[in-house]
Every structure is written in structure tokens, then in C-alpha cells.
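**Q** Fold the following and give me the result.
(2 chains)
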Amino acid sequence: MIRLNHLYKTYLKTWPALKNVNLNIGKGEFVFLIGPSGAGKTTFLKILYLEEVPTRGDFYLFDDEVKNYSHKKRALLRQKMGVVFQDFKLMFYKTAYENLELAANVVGFSPKKAHKRTLEVLNQVRLSHKINTPIYQLSGGEQQRIAIARALVTHPDLILADEPTGNLDPEISNSIIKVLEKLNANGTTVIMATHDYKLVNQFSYRKLKINKGRIYE
Amino acid sequence: MSKFFYLLKSGLKNLIHHRKIGIVLIITMVIIISLNLFLLLFYNNMKTAIKNLNKNIRIEVIFSKEVTTEEVNEVINFARKNKDVDIKEIIYNDAKENLKNFIESSETIKKIYPLIDENPLPPTLLIKVSSNYRTLKNIELFVRDLKNFKTEEILYPRDWFSNIFKISQWVELGTIGLIVIFLIVSYILWMNIFKVALFSVQKEIEIMEIVGGTKLYIRTPFLIETFIYTVISFLISYGIVNYVFVGISKVLDNLVFLNQDQIIFPLLISVLITVSGTERAITGFIKK
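**A** As a prediction, the model looks like this:
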């Protein structure tokens, strides 16, 4: 599903964020990306969800080389992904429902299907009661769960999560991991970046360590 | 289809979310559209006035007193056969008729008329022609040819008409020039105001991109929003121009309002300008 060969990402021509990354991630894998802050986790995920372009190297996503893809092609690829951001990236003056509805509409769900699916995922993240609450009225943890729900709403083939449990208490963190595990069991590839070694050690999934831009098993 | 309705709904919701900047956008457009409509109104009335003047160019041929009927007929036939000048009417008045008209023109003349021994007035020919700037030269040539006949004098306000035509040409050019300037200014103004407006929704655009929105998908709600702002602005401007027109019509007669084309085309051009301005403004916020 994802293949990276000799991939480099350098900012401002001199500052290397990723160095010679060689990696294969197959369909249906659950992968933890572990590393300290500033190690390059976010840059790695940005490349995967096509926000950043590698400086050098080959990058295959869904078995297609995405180099020189047009905006439209990148948009269509993004529709197959669900991304959870560290800073949530939610529309603050819109309600939880509206945030999820947008993602469902982009991929072409009918209003009925979008409504049904939105209720389902809100239930999964235990926020059904906040359906009509504007994002700015939600706590940090609740906002994070809405961000996760948005990533799930479209039944994506690939989920990229950047510190999805960062602001959550252990109980909610575990429930979020369970949701991701369930999705993974149904064939969805999950890549989760975190610096929480304690959490990662509870699971036996594949672990990729990242440090100073280098990734190793 | 459900995508379009969703985007339409988003566009309408944006009107509420962006209402503060929306008011600024509407005021700007109302000023620009009203100015353009006023210019068109001025242009219309100026053109109508000149058209009316042009329809009534009068060439007065004064014959010598000894002129014979044959000689007068020669002039009339020459005028009728002439193809370079659009002749509307030819009125011949003999000396007697001219005297009668002269006497009836004022009470004082009526009183002093018996003191005159003999009719001092010559026969005259009034030729009414229609012209425009291009055919004015033909009238001059026509008048020059008339002088070859047995005429005493030919009265024709050549310079006056020439000046009127020149003025009308400048007015036409000036109006078109001003409209073009206003259109360019409105495009630049709209694009920049909308760019400022988009700063507040930059994150919204980013999120739409992240969830897989194509460029068209991202733009559509903003273009719908722009379309509605423009139609509102146009309706307000039309209302203002109409109100002013009704007011002026009470003071000045025979004023002409804008015709259908002069309403539809400015509306279409306004929409085109604002929509393309918005499109350009959004492009700056979408990643390549």
C-alpha cells in the first residue's frame, strides 16, 4: 500500500527532516511510529497525506507513484484516507455534526448515508450527545475525539493519526485504540504516530522508530 | 447532486458567518455598480438628446426676390434627387406666405404692417434633414451645391452641429472609458477585499483540502456566496438609480431610463467580475 525508496525531505534546502527512508507498509497493517518530539513524525505523515512533497526519492501510495500528481488526483487519494491531526484541524464555529458531514459529503455520500454514518461514528467515539455542539464549546479531549470521528466517517482504506491520544485520559485513549483496532481488523491500514512508549508497549503491532529523520524497525 | 446542494447550503451559511465582511463587499459593489449605471443613464440621455437634435437639422434657402417658379423647382428637384443627404421634408414658402407668417408672428408687427408699401421678404425653401457625425460632411457638400443655384443666402448652423457631434463623440468615448476603468477598479477591489475576507476562513479551506476536497469543491461555496452578494448589490444599485431617475424626471422632461440590455449586461458583467475576483482570491489559498 505504501512504499518509500531512498526518500528524503529537506526544509530550507539545508535542514533535513527525513533521511533515506526505505519502507514498505502493506494493506491491513497496524503500525506505530514512535519517536520524540521533532524526530520527523509529523513530516513523515504530511508526506503520506500528500501535504508535503519529498525532496528526493520514490513514493508509492495505493501502489501508484504520486510524484507530480495534480491537485485533483491528490484530492481523490486523500478521500481514501482519514487523517487525525495533533491540532485537530476542525472548523470551530461549526457543530460536531457539520464537521463530520463535510468529510462525508466530499467523498460523495448521499445526505441520508452521511447522516447515518455520522451518527454511527459519533457513537463510536462516545460523543452522540454533543452532535449539535459547536466545536469551540467542546473540551480538548472531546475535540480530539471529533477529529478521530471525522477520520473514520468515510470508511477510509488508510488512517493516519498524529498523536491521536495525546490529550485524552487513559480510559478514552484505550477506547480510541480499540476503535482503530476494530477498523484494522476490517482491513483498514492504520499508521499512528506517538511518543507514548508506554501505550505502544501494550500492543504487539509493528513498530517503526524515528529519530533525527531516520526510520528503522 | 447531493454534493451541489450541500455546497449551496454551505454558501448560504457562509453569508451568515461572513456577514461583517459581506457588508463591506456589498457597499463597495453598490458604489461601483451605481456609478456605472448612472454613467449609462447619462450616456443614454445624452445620446437621445443628440439624436433628437440630429433629426431636425434645418437648411434654410433664401432666394433672390426675382427667382422664378422653374428656378425654385430646379432646387427642389436637385434636393429630392440627392442621395447623400437624408432629407426628411421640403417646405416652400413664396414671398406672400412668408409675409403672412411674419405678420402673424407678433402683435406689434401686425400693427405696423400697413405702413409697409411693398413685401420686403423673398421666397424661401426650408429643407429638413437628418444626419450623424459621419454624414455631416455630406450636408456641407449639399449646401455648397445649393449655392450654385439662384439663391441669395443659405442659413445652416454648420459649426454648431459640428461641435455637438464632437461633444457627443467625446461623451461616448469618455463614458466607455470610465466604465472600463470602473470595471478594472472593481475587479481589483473585489479580489483584494475577498482575499482579506478569506484570511478568516483560511483554516476552513485547509480542512476542505485535507478531507479530499478538489479545487472546484473548495471554491463552489465561496462562488455561490459571491454570486449572492453581487445580485444583492446590483438590486440595491438598481433601486438607487431608479429612485434618482424618478426624482429627476419630475424636474426634467423626456428623460430615458436604462433599457433591458443595459440592465442585464451590467448584471452579467458584475457577476463575472466578482466571481472571477473570488476565484483568483481563493486560488492563492489553495495549495498547488
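
**Q** Excluding residues flanking it in the chain, which one is nearest the residue in chain A that chain B sits nearest to?
**A** Residue nearest to chain B within chain A: A:Gln79 (3.4 Å; C-beta to the nearest C-beta). Placement of C-beta: from N, CA and C, glycine included. Closest residue to A:Gln79 apart from its sequence neighbours, by C-beta to C-beta, 6 or more residues apart in numbering or on different chains: B:Gly212 at 3.4 Å.

**Q** And A:Val125, by the same measure?
**A** Closest residue in space to A:Val125, ignoring its immediate chain neighbours: A:Arg145 at 4.1 Å, by C-beta to C-beta, 6+ apart.

**Q** Who's the closest spatial neighbour of B:Ile91, skipping the chain neighbours?
**A** Spatially, and ignoring its direct neighbours in sequence, B:Ile91 is nearest to B:Leu126 (4.3 Å; C-beta to C-beta, 6+ apart).

**Q** Show me what the helix or strand encompassing the one you found is packed against.
**A** Per DSSP states H and E: B:Leu126 is located in strand B:124-130. Applying 3 or more C-beta pairs under 8 Å, 6 or more residues apart in numbering or on different chains; DSSP states H and E, we find strand B:124-130 packed against strand B:57-63, helix B:69-81, strand B:86-93.

**Q** that older thread, backbone dihedrals for the residue of chain A closest to chain B, please?
**A** The phi/psi pair for A:Gln79 (degrees, to the nearest 10) reads phi -70, psi -20.

**Q** thinking it is in contact with A:Asn105, fair?
**A** No - using C-beta atoms under 8 Å, A:Gln79 is not in contact with A:Asn105; the gap is 10.9 Å.

**Q** Does A:Thr154 fall in a helix, a strand, or a coil region?
**A** Secondary structure, DSSP: H, G, I helix; E, B strand; the rest coil: A:Thr154 is coil.

**Q** picking up where we left off before, so what's the residue nearest to B:Ile91 up against?
**A** B:58-61, B:89-93 (C-beta atoms under 8 Å, 6 or more residues apart in numbering or on different chains).

**Q** quick revisit: tell me which of the helices and strands packed on strand B:124-130 sits most buried.
**A** Among the helices and strands packed on strand B:124-130, strand B:57-63 has the highest mean neighbour count (mean count of other C-beta atoms under 10 Å in any protein chain shown), at a mean of 20.

**Q** Dump that strand to PDB, keeping only the CA atoms.
**A** C-alpha atoms of strand B:57-63 as PDB (Å, rounded to 0.1, in the frame of the first residue of the first chain):
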ATOM      1  CA  ILE B  57     -31.200  69.900 -38.900                       C
ATOM      2  CA  ARG B  58     -32.700  72.800 -40.900                       C
ATOM      3  CA  ILE B  59     -31.200  74.300 -44.000                       C
ATOM      4  CA  GLU B  60     -33.000  77.500 -45.000                       C
ATOM      5  CA  VAL B  61     -32.500  78.600 -48.600                       C
ATOM      6  CA  ILE B  62     -33.300  82.200 -49.200                       C
ATOM      7  CA  PHE B  63     -33.900  83.000 -52.900                       C
END
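
**Q** Report the inter-axis angle for it versus strand B:124-130.
**A** Here strand B:57-63 runs at an angle of 160 degrees relative to strand B:124-130 (axes from the mean of the first three to the mean of the last three C-alpha atoms, to 10 degrees).

**Q** which strands and helices sit next to strand B:57-63?
**A** Secondary-structure packing of strand B:57-63 (3+ C-beta pairs under 8 Å, 6+ apart): helix B:69-81, strand B:124-130, helix B:136-146, strand B:151-155.

**Q** I'd like the ones you listed as a markdown table, with mean pLDDT appended.
**A** Written out in a markdown table, the entries for these read as follows (pLDDT from 0 to 100):
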| stretch | mean pLDDT |
| --- | --- |
| helix B:69-81 | 89 |
| strand B:124-130 | 88 |
| helix B:136-146 | 84 |
| strand B:151-155 | 88 |
